[in-house]
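> Just the structure for this:
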Amino acid sequence: MIAKRIGVLFLLKKELSPYKISSLLGIGPSTAERFQNALYSKKYKHTTDWVWKHSKESQFNTFMESLVALAFTGRAHSFKKFVDEL
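Numbering: from 1, shown residues only. The predicted model follows:
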């Protein structure tokens, strides 16, 4: 569950639409929109700032791929492909 939440924040930071995020991660579009609204209202500001400050994007991509591989074994390849295309 934490992998999905971090994944949603990561993909929102990459400026993907909530619809694309929902189809990629297997969550509802309203859930992705809820995270988007929370991100805009700076609810996750410290979390996202810390992650971007303490990691290079490529290291974070590797971290995300590992998390997704654990949580979504069938979707890990799709997530990696999607991130690579960004």
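> Surely Ile27 touches Met1?
No. Taking contacts as C-beta atoms under 8 Å, Ile27 lies outside contact range of Met1: 10.3 Å. C-betas here are computed from N, CA, C, even on glycine.
> Counting neighbours, go ahead and name the busier of the two.
The residue with more neighbours, out of Ile27 and Met1, is Ile27; 18 against 6, by other C-beta atoms under 10 Å.
> show me the contacts for the more buried one.
4, 8, 21 (C-beta atoms under 8 Å, 6 or more residues apart in numbering).
> Just the buried ones among the residues you listed, please.
Neighbour counting by 16 or more other C-beta atoms under 10 Å classes 4, 8, 21 among those as buried.
> What is the lowest-pLDDT residue among those residues?
pLDDT across the buried ones among the contacts of Ile27 is lowest for Lys4, at 80.
> Against Leu12, how distant is Lys43?
In this view, Lys43 and Leu12 are 12 Å apart by C-beta to C-beta, to the nearest Å.
> who has more neighbours, the two?
Remark: of Lys43 and Leu12, Leu12 carries more neighbours, 21 against 12, as counted by other C-beta under 10 Å.
> Let me see the backbone angles for the more buried one.
With angles defined as degrees, to the nearest 10, Leu12 sits at phi -70, psi -40.
> Isn't it up against Leu39?
Yes. Using C-beta under 8 Å, Leu12 makes contact with Leu39 at a distance of 5.4 Å.
> Walking through this structure, point out its strands one by one.
Along the chain, counting by DSSP state E, no stretch forms strands.
> still on that earlier bit, got a markdown table for the contacts of Ile27, with distance to Trp50 too?
Shown next, in a markdown table, are those (distance: C-beta to C-beta, whole Å):
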| residue | distance to Trp50 |
| --- | --- |
| Lys4 | 19 |
| Val8 | 16 |
| Ile21 | 21 |
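> Going by distance to Thr47, which of those residues wins?
Using C-beta to C-beta, Val8 is the member of those that sits closest to Thr47, with 11.6 Å.
> show me the contacts for the closest one.
Applying C-beta under 8 Å, 6+ apart to Val8 gives the contacts 21, 25, 27, 31-32, 35.
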